[in-house]
Structures are given as C-alpha cells and as structure tokens.
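Enquirer: Model the structure of this input:
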Amino acid sequence: MNNKYLRALRAAFPYTVPIFAGFWFIALTYGVYMNAEGFSFWYPCLMSLTIFAGSMEFVTVGLLLGQFDPVGALLMTLMINARHLFYGISMLDRYRGTGLKKLYLIFGMCDESFSINYTADIPEDVDRGWFMFFVTLLNQLYWVSGATLGGIFGSLISFNTEGLDFVMTAMFVVIFMEQFLKEKNHIPSFLGLGVSLVCLIFFGADRFIIPSMFAILAILSAARLVRRKDGETE
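Expert: So this is what the prediction gives:
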C-alpha cells in the first residue's frame with residue numbers, strides 16, 4: 001500500500017476503535033432482529049451496505065413487513081435522518097478539495113464518522129481527504145460485518161442486550177467533552193445545550209431533536225449575520 005494511504009489508515013484507525021465496540025453490539029443486535037423476523041442474512045448485509053443508517057435500518061424491518069407505502073417510507077426517512085442535513089452543512093469546508101472521495105464521504109457520513117472527522121486533529125503529514133475516507137470506511141465495515149454476522153448466527157445467539165444502546169450515548173458525551181475542552185469560545189456549546197433542553201421540555205423526548213437543530217441553526221445564522229454587519233460598519 002502506498003505510504004500516503006498507509007499513514008492515513010494508521011492515523012484513522014485509533015479514532016474508530018471506540019466506534020467498533022459500539023457498532024458491533026448494535027449491529028449484531030440488528031442482524032439478530034432481522035433473522036428473528038424471518039429475513040435471510042443477505043438482508044442486513046445489503047441494507048447496511050446501501051442504507052447505512054442504523055436507526056432507519058431498524059425501522060425498515062417494519063416497513064418491509066408492512067404495506068407498500070413508498071411516500072410514507074420517504075417521509076419517515078427524512079424525519080429520522082434530518083440531522084444529516086446539518087452535518088453536511090458543517091462539513092462543507094472540510095470536504096472541499098477531496099476529489100472523488102467526497103462522493104463516498106457524503107454517502108457514508110453517519111453520526112460517528114461526522115464526530116470524528118469534524119473534531120480530529122489530523123497530523124500534518126497525513127492526507128486530510130484519505131484520513132476522513134478511512135474513518136468513514138472503517139466505521140461502515142464495522143457496521144456491515146456486525147449486521148451480517150448477526151444475521152448469520154442470529155438463530156444461535158441468545159444474550160441480553162439491555163443497556164447496550166447506552167454505549168453510543170456515552171461515546172457522544174465523551175466527544176462533546178473533548179470538543180468543549182478544545183474550543184476557546186464555549187458559547188455555541190452552551191447554546192446547543194440550552195436550546196436542546198428547552199425543546200426537550202416543550203416537544204418531549206421523541207420529538208425535540210429536529211426543532212432544536214432548526215433553532216440552533218437559526219440562532220447561529222442570525223449571530224453570523226450580525227457579526228458581518230458589525231464588521232461592514234466598522
């Protein structure tokens with residue numbers, strides 16, 4: 001392997017190890033779930049390769065077993081994965097200049113890959129585009145392999161998965177704290193926490209994510225416009 005690619009892979013791999021631990025537990029559960037619903041292991045394998053959206057893949061099981069409703073499936077997907085619109089906006093600058101790799105980076109951008117690629121301190125001797133590519137690729141491989149193995153051995157595996165979903169929550173808390181300690185201005189972080197808390201109170205635990213994201217985007221956009229106007233005035 002070319003030294004450029006090898007350096008990028010070596011730099012990316014340690015960042016993805018915690019993702020591997022969380023992804024495998026959840027992906028195995030997903031594969032077992034599909035097996036229990038009567039699907040061959042090919043279904044979780046192909047769905048994790050082509051959809052690669054954990055929450056939506058679980059929901060898709062019910063959609064496949066229910067009545068044919070493509071419009072409902074589209075709306076459900078948009079509602080569940082609307083947060084990726086904001087991820088994409090945040091990564092516009094970071095994905096610039098990555099060439100054809102950008103196509104896969106856009107397709108494979110999940111919550112965990114976004115968190116790593118947005119916050120990671122990439123060494124100067126490592127190609128930024130290939131680093132983000134390998135982070136995205138490794139994370140998808142973890143998910144695909146776990147889902148496929150869960151589908152294959154689903155009928156043989158019997159274990160209690162209670163509490164495993166908290167692995168990903170704990171990981172995001174750690175990522176947030178690392179980013180908080182690195183940033184010089186904590187206002188955006190406090191703003192995100194405050195707006196999310198208000199939306200949680202008003203909209204409830206099942207519906208607060210999208211309103212909070214739109215509110216945070218609106219406030220930050222307004223603040224940016226104010227700063228620009230102040231700069232032009234000066």
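Enquirer: Flag the helix or strand of this protein with the lowest per-element mean pLDDT.
Expert: helix 166-182 (a mean of 66; mean pLDDT, DSSP states H and E).
Enquirer: and the helix or strand harbouring Ser113, how far from the chain's centre?
Expert: Per DSSP states H and E, Ser113 falls inside helix 111-119. Its chain's C-alpha centre and that of helix 111-119 lie 7 Å apart, by CA atoms, centre = their mean, to the nearest Å.
Enquirer: can you check stretch 111-126 too?
Expert: With CA atoms, centre = their mean, you get 13 Å for stretch 111-126.
Enquirer: Just the buried residues of that stretch, please?
Expert: Asp111, Glu112, Ser113, Phe114, Ser115, Ile116, Asn117, Ala120, Ile122, Val126 (16 or more other CB atoms under 10 Å). Heads up, the C-betas are built off the backbone N, CA and C, glycines and all.
Enquirer: How about residues contacting the one helix or strand Leu191 maps to?
Expert: Taking DSSP H and E as the definition, Leu191 sits inside helix 187-203. Around helix 187-203, the neighbours that count as contacts under CB atoms under 8 Å, 6 or more residues apart in numbering are Phe176, Gln179, Phe180, Glu183, Phe208, Ile209, Pro211, Ser212, Ala215, Ile216, Ile219, Leu220.
Enquirer: Can you tell me which of these are classed as buried?
Expert: Taking 16+ other CB under 10 Å as the criterion, what is buried in these is Phe208, Ile209, Pro211, Ser212, Ala215, Ile216.
Enquirer: Between helix 111-119 and the very next helix or strand once past the helix holding Ser113, find me the angle.
Expert: Sequence order places helix 128-152 as the next helix or strand after helix 111-119, per DSSP H and E. Compare the direction of helix 128-152 with that of helix 111-119 by axes from the mean of the first three to the mean of the last three CA atoms, to 10 degrees and you get 160 degrees.
Enquirer: buried set for helix 128-152?
Expert: 128-140, 142-152.
Enquirer: again, but for stretch 68-85
Expert: Neighbour counts over stretch 68-85 (16+ other CB under 10 Å) mark Ala73, Met76, Thr77, Ile80, Asn81, His84 as buried.
Enquirer: Give me the subset of those residues that lies in strands.
Expert: Among those, DSSP state E puts none in strands.
Enquirer: what two of those are the furthest from one another?
Expert: Ala73 and His84 (16.6 Å; CB to CB).
Enquirer: hang on, the earlier thing: now the buried residues of stretch 111-126 in a markdown table, with pLDDT and distance to Gln67?
Expert: Below are the buried residues of stretch 111-126 laid out as a markdown table (pLDDT from 0 to 100; distance: CB to CB, whole Å):
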| residue | pLDDT | distance to Gln67 |
| --- | --- | --- |
| Asp111 | 84 | 30 |
| Glu112 | 87 | 33 |
| Ser113 | 91 | 34 |
| Phe114 | 90 | 34 |
| Ser115 | 86 | 36 |
| Ile116 | 91 | 39 |
| Asn117 | 92 | 39 |
| Ala120 | 87 | 44 |
| Ile122 | 90 | 47 |
| Val126 | 92 | 49 |
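Enquirer: now the nearest residue to His84 once chain neighbours are set aside: how far from Lys229?
Expert: Leaving aside its sequence neighbours, His84 sits nearest to Met109 (CB to CB, 6 or more residues apart in numbering; 6.7 Å). The gap separating Met109 from Lys229 is 33 Å, by CB to CB, to the nearest Å.
Enquirer: tell me how far the ends of stretch 88-95 are from each other?
Expert: 9 Å (CA to CA, to the nearest Å).
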